[in-house]
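Undergrad: below: sequence and its predicted model.
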Amino acid sequence: MTARLSLSTLDDLPADIARPGYDVAGQKIGIVHLGIGAFHRAHQAVYVDDRLAAGERDWAILGASLRSPDTRDALRPQDGLYTVLVRSSDAIRPRVIGSIRELLVAPDNPEALLKAMGDPNVRIVSLTVTEKGYCHDPATGQLREDHPDILHDLSFPLTPKSAPGVLVEALRRRREDGIAPFTVLCCDNLPSNGKTVRRVVSRFAELRDPDLGRFVAEEVAFPSTMVDRIVPATTDADRELVAERLGVTDSWPVSTEPFSQWVIEDHFPTGRPRFELAGAELVADVEPYEAMKLRLLNGSHSTLAYLGYLAGHETISDTMAAPAFVRLVRGLMDEEVTPTLRVPPGADLASYKNSLLARFENTALRHRTWQIAMDGSQKLPQRLLGTARDRLKAGAPIDRIALGVAAWMRYVTGKDEKGAEIDVRDPLAERLRSLANAAGPEASRLAPALLDVREIFGDDLPNDPRFTTPVQNALATLLSKGAAYAVEHVARMPETAS
């Protein structure tokens with residue numbers, strides 16, 4: 001039987017395998033991370049691992065899940081160790097990460113998590129709980145005060161379920177104990193994510209107690225960030241590769257690309273690791289970087305995911321093998337997104353867009369269109385609809401954006417172009433499917449029905465024919481002629497002077 005990756009087997013790994021160059025067991029927890037999923041383990045945990053290896057002690061991570069025990073159950077027997085497989089077109093480079101020292105599951109023992117967050121040595125609480133994890137309205141950025149988890153946490157604040165509930169109860173306890181508040185570091189794809197999370201969390205705190213709400217709003221740091229790294233879901237083939245290359249089993253490795261970017265607003269009152277020495281960019285204003293990433297990378301990714309899935313492509317690289325999709329996404333970036341951006345000083349926008357296309361085409365990363373298509377109701381506002389609003393404000397066309405939105409509409413009907421079921425994963429999946437079933441397969445009924453979901457589209461877009469008409473027309477084409485035809489048609493559009 002093959003041994004398992006752990007501290008006891010670390011020294012037995014082949015000499016060419018990168019591994020922690022520090023005393024893993026001797027590190028203290030300095031960061032609590034909520035949402036201990038694949039992205040965090042391929043991104044922020046790697047930066048922390050680099051700083052621990054450079055001798056910055058006591059910044060190890062306690063990873064906590066607010067839902068599933070899967071990551072804890074996989075990694076705790078491995079002493080928190082796991083493998084990152086960095087895949088390029090010509091090589092796969094494994095690296096063992098040791099920065100995660102403890103793992104908890106909040107529903108199993110919420111008190112253990114809150115106690116850990118109260119440790120004075122914990123100076124940062126970071127989050128990757130996905131857009132839906134903040135219990136907010138994506139169209140407005142406000143806390144959804146009627147969200148079931150928020151209602152629960154207001155009634156039972158000592159056993160919180162939501163990210164805002166956990167943060168506020170931990171901050172309340174630190175304040176009561178005379179311990180400085182930790183910095184809340186959101187690493188999710190939210191617009192102005194630090195400001196958005198401050199708004200959501202301080203509002204929840206205010207609902208609990210107005211004085212606590214003022215404290216959170218005024219005394220807690222919420223620096224904004226931008227994160228970028230493509231991380232497909234782990235497969236059994238990844239596990240087999242680790243066993244072959246390392247000679248040990250790893251229950252939950254992560255696979256990723258060579259590219260990694262982390263832009264951080266430098267506001268950490270109680271200290272931070274020197275992330276800039278690990279390749280992060282510490283800046284005064286994250287928003288221009290965030291807009292570039294959300295609109296160019298994430299907007300393109302979602303457009304490719306919905307259209308690619310409907311056209312029968314399993315992965316993004318499969319989708320990009322079709323020339324019309326390349327032309328479509330290049331046109332989306334150049335013609336419709338770029339004119340809306342405030343480019344950061346020194347940024348090479350042309351090179352960035354070229355790098356995105358190359359990353360999408362990386363055949364070593366099997367990033368499934370179905371995976372990227374998840375939670376679209378939470379993602380559309382920041383990935384496509386913000387760009388659409390800016391274009392409409394400028395009196396400019398939105399044909400490619402409209403096709404992406406229409407593809408989402410077609411996707412959430414729950415039936416693909418061959419009539420097979422689509423496993424739609426979305427917080428609003430049942431409601432969207434019900435609206436689609438009631439409207440039927442005519443774009444003239446289906447588009448208005450879905451546009452009426454105001455927490456996605458707001459009050460402005462459903463009443464603007466400059467938006468509704470191209471979306472309905474694109475949906476009609478998708479329903480009558482299919483995604484491949486629709487992409488080919490829009491991809492042939494001439495460049496404009498936008």
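TA: Looks like it came in fine.
Undergrad: flag the shaky bits of this protein, pLDDT-wise.
TA: Scanning the chain for pLDDT under 70 picks out the ranges 1, 496-498.
Undergrad: now do 90
TA: In the predicted model of the chain, residues 1-2, 89-90, 139, 191, 345-347, 365-366, 492-498 satisfy pLDDT under 90.
Undergrad: in stretch 392-402, what counts as buried?
TA: In terms of neighbour count (16 or more other CB atoms under 10 Å), stretch 392-402 has its buried residues at 392, 396, 397, 398, 399, 400, 401, 402. Where you see a C-beta, it was placed from the backbone N, CA and C, and this is true even at glycine.
Undergrad: can you lay out those as a markdown table showing distance to residue 269?
TA: Formatted as a markdown table, the buried residues of stretch 392-402 follow (distance: CB to CB, whole Å):
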| residue | distance to residue 269 |
| --- | --- |
| 392 | 40 |
| 396 | 42 |
| 397 | 46 |
| 398 | 42 |
| 399 | 47 |
| 400 | 43 |
| 401 | 40 |
| 402 | 44 |
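Undergrad: for the residues you listed, which one is nearest residue 26?
TA: Ranked by distance to residue 26 (CB to CB), the buried residues of stretch 392-402 are led by residue 401 at 51.5 Å.
Undergrad: so what's the closest one closest to, chain neighbours aside?
TA: residue 388 (4.9 Å; CB to CB, 6 or more residues apart in numbering).
Undergrad: how near is that neighbour to residue 30?
TA: Counting by CB to CB, to the nearest Å, the gap between residue 388 and residue 30 amounts to 41 Å.
Undergrad: my guess is residue 162 meets residue 151, correct?
TA: No. Using CB atoms under 8 Å, residue 162 makes no contact with residue 151, being 9.8 Å away.
Undergrad: who has more neighbours, these two?
TA: residue 162 (25 against 15; other CB atoms under 10 Å).
Undergrad: quick one: the more buried one and residue 198, what's the gap?
TA: 16 Å.
Undergrad: list the contacts of stretch 383-401.
TA: 139, 189, 191, 294-295, 298-299, 301-303, 328, 331-332, 335-337, 339-340, 402, 404-405, 456-458, 460-461, 464, 466-467, 470, 474, 490, 493, 496, 498 (CB atoms under 8 Å, 6 or more residues apart in numbering).
Undergrad: same check on stretch 295-302?
TA: Contact with stretch 295-302 is made by 189, 228, 316, 329, 332-333, 337-338, 340-341, 352-353, 356, 360, 372-373, 376, 379-380, 382-384, 386-387, 401, 404, 408, as judged by CB under 8 Å, 6+ apart.
Undergrad: rerun that using 7 Å as the cut-off
TA: Applying CB atoms under 7 Å, 6 or more residues apart in numbering, the contact partners of stretch 295-302 are 189, 228, 329, 332-333, 337, 340-341, 353, 356, 372, 376, 379, 383-384, 387, 404.
Undergrad: looking at those residues, which are in helices?
TA: Among the contacts of stretch 295-302, DSSP state H puts 329, 353, 356, 372, 376, 379, 387, 404 in helices.
Undergrad: which residue sits closest to residue 260, ignoring its sequence neighbours?
TA: Leaving aside its sequence neighbours, residue 260 sits nearest to residue 229 (CB to CB, 6+ apart; 4.5 Å).
Undergrad: any idea how far that neighbour lies from residue 279?
TA: 11 Å.
Undergrad: what of residue 268?
TA: Counting by CB to CB, the gap from residue 268 to residue 279 is 17 Å.
Undergrad: got it, and residue 194?
TA: Distance from residue 194 to residue 279, by CB to CB: 20 Å.
Undergrad: higher neighbour count, the two?
TA: Each of residue 194 and residue 279 has its neighbours counted (other CB under 10 Å); residue 194 has more, 23 against 12.
Undergrad: what's the following helix or strand after the helix or strand containing that one?
TA: Assigned by DSSP states H and E, residue 194 belongs to helix 193-208. Per DSSP H and E, the first helix or strand lying C-terminal to helix 193-208 is helix 210-219.
Undergrad: that next one packs against which elements?
TA: Packing partners of helix 210-219 (3 or more CB pairs under 7 Å, 6 or more residues apart in numbering; DSSP states H and E): helix 163-176, helix 193-208.
Undergrad: got the CA positions of the shortest one in PDB?
TA: When you say that, I think you mean helix 163-176. This file holds the C-alpha atoms of helix 163-176, laid out as PDB (Å, rounded to 0.1, in the frame of the first residue of the first chain):
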ATOM      1  CA  ALA A 163     -19.400  34.500   6.400                       C
ATOM      2  CA  PRO A 164     -20.700  37.900   7.700                       C
ATOM      3  CA  GLY A 165     -22.000  36.200  10.800                       C
ATOM      4  CA  VAL A 166     -18.700  34.500  11.600                       C
ATOM      5  CA  LEU A 167     -16.700  37.600  11.000                       C
ATOM      6  CA  VAL A 168     -18.900  39.800  13.100                       C
ATOM      7  CA  GLU A 169     -19.100  37.400  16.100                       C
ATOM      8  CA  ALA A 170     -15.300  37.000  16.000                       C
ATOM      9  CA  LEU A 171     -14.800  40.700  15.800                       C
ATOM     10  CA  ARG A 172     -17.300  41.300  18.700                       C
ATOM     11  CA  ARG A 173     -15.400  38.900  20.900                       C
ATOM     12  CA  ARG A 174     -12.000  40.500  20.100                       C
ATOM     13  CA  ARG A 175     -13.400  43.900  20.900                       C
ATOM     14  CA  GLU A 176     -14.800  42.700  24.200                       C
END
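Undergrad: neighbour-wise, which one of the ones in helices among the contacts of stretch 295-302 leads?
TA: Going by other CB under 10 Å, residue 404 tops those with 30 neighbours.
Undergrad: quick one: it and residue 308 touch, right?
TA: No. Taking contacts as CB atoms under 7 Å, residue 404 lies outside contact range of residue 308: 11.2 Å.
Undergrad: show me what contacts residue 44?
TA: 126, 187.
Undergrad: tabulate the ones in helices among the contacts of stretch 295-302 in a markdown table, adding columns for distance to residue 81.
TA: Conversion of these to a markdown table gives the following (distance: CB to CB, whole Å):
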| residue | distance to residue 81 |
| --- | --- |
| 329 | 37 |
| 353 | 37 |
| 356 | 32 |
| 372 | 28 |
| 376 | 34 |
| 379 | 32 |
| 387 | 41 |
| 404 | 40 |
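Undergrad: farthest pair within the residues you listed?
TA: 353 and 376 (23.2 Å).
Undergrad: then the one helix or strand residue 113 maps to to CSV, C-alphas only?
TA: Here residue 113, judged by DSSP H and E, is contained in helix 110-117. Provided in CSV are the C-alpha atoms of helix 110-117 (Å, rounded to 0.1, in the frame of the first residue of the first chain):
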residue,chain,number,x,y,z
PRO,A,110,-18.5,26.8,15.3
GLU,A,111,-17.0,27.6,18.7
ALA,A,112,-13.6,26.2,17.8
LEU,A,113,-13.5,28.5,14.7
LEU,A,114,-14.5,31.6,16.7
LYS,A,115,-12.0,30.8,19.4
ALA,A,116,-9.2,30.5,16.7
MET,A,117,-10.2,33.8,15.2
